[in-house]
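Chemist: okay, predicted coordinates and the sequence, questions at the end:
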Amino acid sequence: MIREMKNIRTLFAAFLMLAIVPLMSLAQEDDQVLRARNGKFALTNAKIYTVTNGIIENGTIIIDNGIIVAVGADVKIPADAEVFDYKGKEIYPGMIDGGTTLGLAEIGSISEANDFQEFGQLTPQMQALTAVNPNSTAIPVTRVSGVTTVWTMPRGGVLSGTAATINLFGYTPDQMFAGSKGIVMNFPSTAGGRRFRRLSPEEVKKRQDRALKTVNDAWDKAELYAKLENSDEVRSYPEIEALVPVVKGEMMLFIEANAAKDIVATIAWVKERGYKKVILTGVSEGWRVADQIAESGIPVITGPVQAIPTRDSDSYDAAYANPGIMSKAGVKVALRTMDSENVRNLPYHAGFAAAYGMGREEALKAITINAAEILGIGDKVGSIEVGKQANIFVATGDPFETATKITDLFIDGYKVPMTSRQIRLYDEFLNRTPGVDKDKKAIDIKKK
Amino acid sequence: MKNILTLLLAFFSTMALAQVQKGDLLIKNGTVLTVTNGTLENTDVLVRDGKISRIGKDLRAPRGVETVDATGKFVMPGIIDAHSHIAGSAINEGTSQVTAEVSMEDVVDPLDVGIYRALAGGVTSIHLMHGSANVIGGQNETMKLRYGTMNPDELRFEGAPRTIKFALGENPTRGGRSRGIQPQSRMGVENMLRTSFTQAIAYGKKWDAYNADKSPRKVAPEYDLRMQTLVDIMNGDVLVHCHSYRADEIYMLMKVFSDFNIPKLTFQHANEAYKVAPELAAFGASASVFADWWAYKLEVYYSTAYNAAILTNNGVLTSINSDSGELIRHLFHEAAKTQKYGELTDDQALALITLNPAKQLGIDNRVGSIEVGKDADIAIFEGHPLSVYTVPLMTFIDGVKYFDKSIDKGDARIYVGPESSISEVMIYDRHNDHRCLEGANVMAFEELFSNKK
């Protein structure tokens, strides 16, 4: 009898499972994992902003195995290509941010969640790419806004480390690596202290001289090391060794300088050292010395554009106007957000630069082809051209405008799902179920 | 005698200065974004004695009234920032977890060039808030950005209701931990609130008994400004604006206010307010949020930039604030982001930085829309203010022009300190610009009393 009962119970349980399982699988569909895919794609009927070859009003792009194989108004669509009709939409090369800590910083106030600064003043051998977390929540949040590539960089100290370009899709740092690296150096600054602890001019000078000596000692050693490199006598000296490719003109050197004096001093320093692949970064006061920068021929990565002017005496729009002034003076300019979680605002920084003198076309270049060329990946990304990597986004209009939606995204030829945690939270909470509990009066009050 | 006359003259001229200036003005032929009454094309706005007196077509300027040609330009209500720390020479009174007795009105700095920079972004009013280091912080000051005076009183929003800052979550608990006192957890925060209000009720009863006593030999209870302020909150005379992030702490405060029968409540930051939007709507609480700031600390990690849109669509009165000397300069752009994140309409997006913050501060009878009878706090833009390419051109408060791009002279300081140096350079870093968000730690003495919030 008891056994029978058990059997009935088992039967009942089995029956229950049969009833529930389809429900469960349905629930799973609601929450299904979206995957990126690649293949042969034809993007048709769109207005294409190639950036390097003008605008194609009603054009087609063919992507095959990650590479753009055809672009134009009269492109034959291969029979085996998957066709996406983008009628009424605009296609742009993926935007490129020239300075971020994306992938290196997850939660600002928690030091354990930040990996962009190593101990010490001279740490150029530290590799940002090593610390890039491909699963950072901020990465999908960023790419669904059309930013496909960033310069992710170590910060702090004098020689902070080695930065790298990464594409914002991939499961390992190597899958994300976009093809270039460079040494990050902070030029000894004359900028004074913090708001609550102003430094005297003497203190600033002393601090700067000390830092300058550190810098010059390191580069003197690197130059010597470059000459001795083939000798068996040289012992391992990784922080100096990391500088040798710069000395030899094989690797880029990014020098952060913001105050006008520091920019001028940096230009003189570079000239004296004779290093070839140098880029000025920050350059907040570039507008004061734009002609001198142009004359030096050194390209610039500047930003954030949405920033407070560097001096109380400066015009309120100094930071907005800075990229335009430099660009008009003949400086090759790229933009950066200098952000981690809000790199998604790159098009808006560009929009502000455009409105305050740079113009839309130049601002678009500053976050596509200029950025790509300055970062050493101009042959791979930054424009829609045959032979380039398919880093592309599709928009309902001008991507600098906040009313515009980014609808589709291709990174390295992969069609990447247009989702992020922030979008999923929106989907879940716009019409929350259950809503407010009408029976419970926990938050009811007698209105006065 | 002559000396006395001079003194008298000086006295009366100071009185005249303390009088707030009001202007007359005709803004011609603009696209007027009224916020409460849609968009009016080719429309004029007439300002008399600091108030909007007429809105219509083909209005004539009365004799002596200046005309501003707004053809092809956009005219909108002055922007209101419900959370600001510009123009404050101190932010946190960190000596106790309850400091309801202090007020930001005592630390207004009319010389802060940040005021001019906000005006250059179309902002006319701010809510200068106390910091978030303590559970019950100090009282805030609602201000109009009448830049150009040395007198802090001229920046007051005369007649605005009193408000006070509360704070939940990581900031007050971090302060508790570093000092070895309560609160060190969100449990402690709730306990602190309930204990404080319970004490205040007892305090109020003592005074009620004293006031009811007709005997000539009665002795007054000791006056306590801290307790009296809490009594004023419970009487609805002081509006609470509470720094908060997580949904659970937001829900907790609604329950506490429900139990103490406190009707009005605005949550500041409120990054997770979207998770309890139906509860906020049911309670009638409002939220003042960022457009897209997140991930700068754990309690804002589970944020979404769709927060403002979710709240708006759930019927919660919502505004977008800056809490930053940088963001305040482009709140129009911050509001425009809600069209990307949630597809709000132009009117909904504009209300986030005008009418809605005005309601949260209790000043919507005066400002927040372009309506006859309201204060002439107006901003004129080249291009639609929700476009990224827009450029603010002019800003008026009470009909008086405080910003005009065409005559901007660059250096807008009205006082140059003898110790300041023109070559002093500060490099902006957004992650150091979290004003009241950070700074709950017990810091170096000088840092605690500095501008870092």
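Modeler: Nice, I can see it.
Chemist: sec struct for B:H83, please.
Modeler: strand (DSSP: H, G, I helix; E, B strand; the rest coil).
Chemist: measure how buried it is and give me the count.
Modeler: Using other Cβ atoms under 10 Å in any protein chain shown, B:H83 has 30 neighbouring residues. Quick note: C-beta positions are derived from backbone N, CA and C, even for glycine.
Chemist: any idea how far it lies from B:D232?
Modeler: Distance, B:H83 to B:D232, by Cβ to Cβ, to the nearest Å: 21 Å.
Chemist: gap between the two ends of stretch A:282-302?
Modeler: Using Cα to Cα, to the nearest Å, one end of stretch A:282-302 lies 5 Å from the other.
Chemist: any part of it near chain B?
Modeler: Yes - with Cβ under 8 Å from any Cβ of the partner chain as the criterion, chain B is reached by stretch A:282-302 at A:282, A:284-285.
Chemist: low-confidence ranges, the chain, go.
Modeler: Here I'm looking at chain A. Where chain A drops to pLDDT under 70, the residues are A:1-31, A:191-198, A:229-234, A:438-448.
Chemist: oops, I was thinking of chain B
Modeler: Scanning chain B for pLDDT under 70 picks out the ranges B:1-18, B:421-423, B:434-453.
Chemist: can you give me the offset of stretch B:389-401 from its chain's centre?
Modeler: Centre-to-centre, stretch B:389-401 and its host chain are 19 Å apart (Cα atoms, centre = their mean, to the nearest Å).
Chemist: quick check, it touching chain A?
Modeler: Yes - for stretch B:389-401 and chain A, the contact criterion (Cβ under 8 Å from any Cβ) is met by B:389-391.
Chemist: hmm, A:Q121 and A:E239 touching each other?
Modeler: No - A:E239 sits out of contact with A:Q121 when judged by Cβ atoms under 8 Å, with a separation of 9.7 Å.
Chemist: need the contact list for residue 305.
Modeler: Using chain A. Shown in contact with A:V305 (Cβ atoms under 8 Å, 6 or more residues apart in numbering or on different chains): A:319-320, A:322-323, A:335, A:349-350, A:352-353.
Chemist: not quite, go with chain B.
Modeler: Residues near B:A305 by Cβ under 8 Å, 6+ apart: A:422, B:291-292, B:294, B:337, B:340-341.
Chemist: of the residues you listed, buried ones?
Modeler: A:422, B:291-292, B:294, B:337, B:340-341 (16 or more other Cβ atoms under 10 Å in any protein chain shown).
Chemist: among the residues of stretch A:282-302 next to chain B, which are in strands?
Modeler: Among the residues of stretch A:282-302 next to chain B, the members found in strands (DSSP state E) are A:G282.
Chemist: most surrounded residue in the residues of stretch A:282-302 next to chain B?
Modeler: Neighbour-wise, the residues of stretch A:282-302 next to chain B (other Cβ under 10 Å) top out at A:S284, 29 neighbours.
Chemist: excluding sequence neighbours, find me the nearest residue to it.
Modeler: Spatial nearest neighbour of A:S284, excluding adjacent residues (Cβ to Cβ, 6 or more residues apart in numbering or on different chains): A:N258 at 4.1 Å.
Chemist: likewise A:T60?
Modeler: The nearest residue in space to A:T60 (Cβ to Cβ, 6+ apart) is A:V75, at 4.1 Å.
Chemist: got it, and A:E57?
Modeler: A:K47 (5.8 Å).
Chemist: which residue does the stretch 251-400 of chain A bring closest to chain B?
Modeler: Here the stretch 251-400 of chain A gets closest to chain B at one residue, A:G351, 3.4 Å apart by Cβ to the nearest Cβ.
Chemist: figure out the helix or strand that that residue lives in.
Modeler: Element membership of A:G351, judged by DSSP states H and E, is helix A:346-353.
Chemist: now the helix or strand following that helix - C-alpha only, PDB.
Modeler: Sequence-wise, the next helix or strand downstream of helix A:346-353 (DSSP H and E) is helix A:360-366. Presented in PDB, the C-alpha positions along helix A:360-366 are these (Å, rounded to 0.1, in the frame of the first residue of the first chain):
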ATOM      1  CA  ARG A 360      31.000  68.300 -38.000                       C
ATOM      2  CA  GLU A 361      33.200  66.800 -40.700                       C
ATOM      3  CA  GLU A 362      36.500  67.400 -38.800                       C
ATOM      4  CA  ALA A 363      35.000  66.200 -35.500                       C
ATOM      5  CA  LEU A 364      33.900  63.000 -37.200                       C
ATOM      6  CA  LYS A 365      37.400  62.500 -38.500                       C
ATOM      7  CA  ALA A 366      38.800  63.200 -35.000                       C
END
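Chemist: need the contacts of A:V305 in CSV (columns: neighbour count).
Modeler: CSV is the format used below for the contacts of A:V305 (neighbours: other Cβ atoms under 10 Å in any protein chain shown):
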residue, neighbour count
A:A319, 28
A:Y320, 24
A:N322, 29
A:P323, 31
A:L335, 30
A:H349, 30
A:A350, 28
A:F352, 29
A:A353, 30
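Chemist: which among those residues gets closest to B:D109?
Modeler: The closest of these to B:D109 turns out to be A:A319 (Cβ to Cβ; 22.4 Å).
Chemist: if I read this right, B:P172 contacts B:G131, doesn't it?
Modeler: No - if you go by Cβ under 8 Å, B:P172 and B:G131 don't touch, sitting 10.5 Å apart.
Chemist: what about the closest residue to A:I325 other than its chain neighbours, how many residues close to it?
Modeler: In space, and not counting its chain neighbours, A:I325 is closest to A:W287: 4.1 Å by Cβ to Cβ, 6+ apart. A:W287 has 23 neighbours, counted by other Cβ under 10 Å.
Chemist: now A:W287. Its backbone dihedrals?
Modeler: Dihedral angles of A:W287 (phi, psi; degrees, to the nearest 10) stand at phi -60, psi -20.
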